[in-house]
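> Sequence and predicted structure below; questions after.
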Amino acid sequence: LFIGGTAFLLMGWALVLAARPRWLEGAFGGLDKMYLIHKRIGVTILLLILVHFIGIPKLDAAQRLAPEGLSAVTGVPGGAVGMVAMVLLILSVVISLNRKIPYHIWLKPHRLMGILFGIIAFHMLLSPKQLFVGQSASGIFLLCVAIIGIVAYIYRQIFRNRHAVEFSVEAVNKLERATEIVLAPKHAGQFAFEAGQFGFLRLSDLSNSEAHPFTIASAPADKKLRFTTKVLGDFTRKIRDDLKTGGRAWVEGPYGEFATKSAGQHQVWVAGGIGITPFLSSVRDLDADDSRDILLVYCVQENSQALFVDEFAEAFKGHKNRRMIVLQSNEGEFATADLLADKAPFDLKDADIFLCGPKPLIVALKKGLSVVGVSKSRLHSEAFEFR
């Protein structure tokens, strides 16, 4: 019974995180970290619910009394409601963990999680007094959790687009291996951000368009927003093939704690593939007299995949404190902690190291940098995706 209550508490917390409250971002180190915890909570909830389900039939006969309280009034057995909720929860978690499902399909069960939470809350209220004592401190606490979770869900569903800023699509530039979207604001000055942050982009031209997270590639001082996307799924493919200029766009945010400008004097930027985009925003935000020591390590399969490399080279040219290295995996060149230590003109232990790219790259570098003594507080990373 304690396990069931714990699962309910975690589910309420998951709904709060899913509402994307910006005031919680700093405590978690970024929205991507919040979503990672949200995912882990989902798996934990499923395991707890299964244990709860297995444990309930083992209650002794004295505890399995005739229906009473709300269950007796409604005639609805609490056990049947709990069974329905468990089946729906299993299906939802399984779908959520399947990375092969397209994002717009994957998102649908998430939109229904609040309803499922309400069903579980109803199941809790149908339980007999021996299982749930509504007058007790624990009962009142769980009732508060139910209210908070349902309010967070309703708020997100009703107001999820209210905080988005409207733009118009000014240009869709099809690069060789990526697509650049240029957005002009409907009203100037509505969207302020720091270099390295991201926003949730929704486009009116694309049917069934849901908001997707993309890193902002423009400098904060630019009047227009720029996003650079690589074709990795249905939505990014539609952007390249179907998006037209003149359409409406909405951006919610900004989110993220991947801010290079507020970091230390010595910095290492490691980008893997399209993970170069937050650094594109950072390099466009560099002043000519910026004295920070910066080493950029750009990891690609081959040179032809290196996006905006000429722009980085131009921004670094004539500055002894800025260096760029392009590593080609096809040539057997990989980013390692030893390579960073060898190429950096400063001690890595004194540097802030920013990592953005595929998960295997991030995990390997974090492990290697930890071995050479770099503090975790000096490592800054951003997840490629939230699924």
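That came in fine, so what should we check first?
> and the closest residue to residue 309 other than its chain neighbours, helix, strand or coil?
Using Cβ to Cβ, 6 or more residues apart in numbering and skipping the chain neighbours, the partner closest in space to residue 309 is residue 326 (6.5 Å). Quick note: C-beta positions are derived from backbone N, CA and C, even for glycine. Using DSSP: H, G, I helix; E, B strand; the rest coil, the structure places residue 326 in strand.
> which residues does residue 326 bridge with?
residue 298 (DSSP bridges).
> Let me see the contact set for it.
Applying Cβ atoms under 8 Å, 6 or more residues apart in numbering, we find residue 326 in contact with 298, 300, 303, 306, 309.
> Check residue 274 too.
Contact analysis of residue 274 by Cβ under 8 Å, 6+ apart lists 178, 228, 229, 230, 232, 307.
> wait, is it part of a helix?
Yes: assessed by three-state DSSP, residue 274 belongs to a helix.
> which residues touch the helix or strand where residue 199 lies?
When elements are assigned from DSSP states H and E, residue 199 belongs to strand 198-203. With contacts defined as Cβ under 8 Å, 6+ apart, strand 198-203 is touched by 161, 164, 169, 181, 191, 193, 209-216, 225, 227, 239, 243, 247-256, 278, 382.
> Compare the contacts of residue 326 and tell me which is most surrounded.
Each of the contacts of residue 326 was scored for neighbours by other Cβ atoms under 10 Å, and residue 298 scores highest at 26 neighbours.
> how near is that one to residue 349?
23 Å (Cβ to Cβ, to the nearest Å).
> Kindly report the same for residue 336.
Counting by Cβ to Cβ - residue 336 and residue 349 are separated by 16 Å.
> Same question for residue 48.
41 Å.
> the more surrounded of the two?
More neighbours surround residue 48 than the other of residue 48 and residue 349, with 20 against 13 (other Cβ under 10 Å).
> tell me which element residue 213 is part of?
strand 212-215.
> can you give me the angle the helix or strand following that strand makes with strand 198-203?
Following strand 212-215 in sequence order, the next helix or strand is strand 225-229 (DSSP H and E). Between strand 225-229 and strand 198-203, the angle formed by their directions is 90 degrees, by axes from the mean of the first three to the mean of the last three Cα atoms, to 10 degrees.
> which helices and strands does strand 225-229 pack with?
Helices and strands touching strand 225-229, as assessed by 3 or more Cβ pairs under 8 Å, 6 or more residues apart in numbering; DSSP states H and E, comprise strand 179-185, strand 212-215, helix 234-242, helix 277-284.
> got the CA coordinates for the first one in PDB?
Extracted in PDB, the C-alpha atoms of strand 179-185 (Å, rounded to 0.1, in the frame of the first residue of the first chain):
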ATOM      1  CA  THR A 179      18.200  23.000 -43.200                       C
ATOM      2  CA  GLU A 180      18.300  26.500 -41.800                       C
ATOM      3  CA  ILE A 181      15.100  28.300 -40.800                       C
ATOM      4  CA  VAL A 182      15.100  32.000 -40.400                       C
ATOM      5  CA  LEU A 183      12.200  33.500 -38.300                       C
ATOM      6  CA  ALA A 184      11.200  37.200 -38.100                       C
ATOM      7  CA  PRO A 185       9.400  38.200 -34.900                       C
END
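> and residue 301, what is it in contact with?
Counting by Cβ under 8 Å, 6+ apart, residue 301 has contacts 328, 329, 330.
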